[in-house]
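Q: Next input, structure requested:
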Amino acid sequence: NYVIKNTGTTTLGPTQFTISEALFGTNPLNCGAANTSLAPNTTVTCAYVYTVTAADMTVASIINLATASGGGAGPSAVASVTITKQ
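A: Numbering: from 1, shown residues only. Below you'll find the model as predicted:
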């Protein structure tokens with residue numbers, strides 16, 4: 001799950017907010033409706049399912065780097081998560 005939060009003092013949008021990251025390839029993930037508005041301190045959430053591949057099983061960990069944008073803001077700072085094979 002991805003959560004985009006407006007930490008500013010003005011409303012963002014209405015617009016399509018997106019998440020971009022390497023595991024998606026070149027197409028950003030739409031987050032919320034195409035006309036979403038985010039007031040200060042509000043959020044929009046979206047989900048994406050990533051299926052671990054055979055190639056993923058050959059490495060010690062999968063690193064996921066993502067940014068959010070939309071509504072005249074962004075891209076955001078990079079958020080990251082590391083999944084380590086046990």
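
Q: I'd say Ala79 and Ile19 touch.
A: No: between Ala79 and Ile19 there is no contact under Cβ atoms under 8 Å: 9.2 Å. Just so you know, the C-beta spots here come from the backbone N, C-alpha and C atoms, and that holds for glycine as well.

Q: Report the set of residues contacting both of those two.
A: Counting by Cβ atoms under 8 Å, 6 or more residues apart in numbering, the contacts common to Ala79 and Ile19 are 66-68.

Q: Next SSE downstream of the helix or strand containing Ser37?
A: Under the criterion of DSSP states H and E, Ser37 resides in strand 29-38. Of the helices and strands lying after strand 29-38 in sequence (DSSP H and E), the nearest is strand 43-46.

Q: Name the strands paired with the helix or strand following that following strand and say parallel or antiparallel.
A: For strand 43-46, the following helix or strand on the C-terminal side (DSSP H and E) is strand 61-69. Sheet pairing for strand 61-69, assigned by DSSP bridges, gives strand 12-21 (antiparallel), strand 79-84 (antiparallel).
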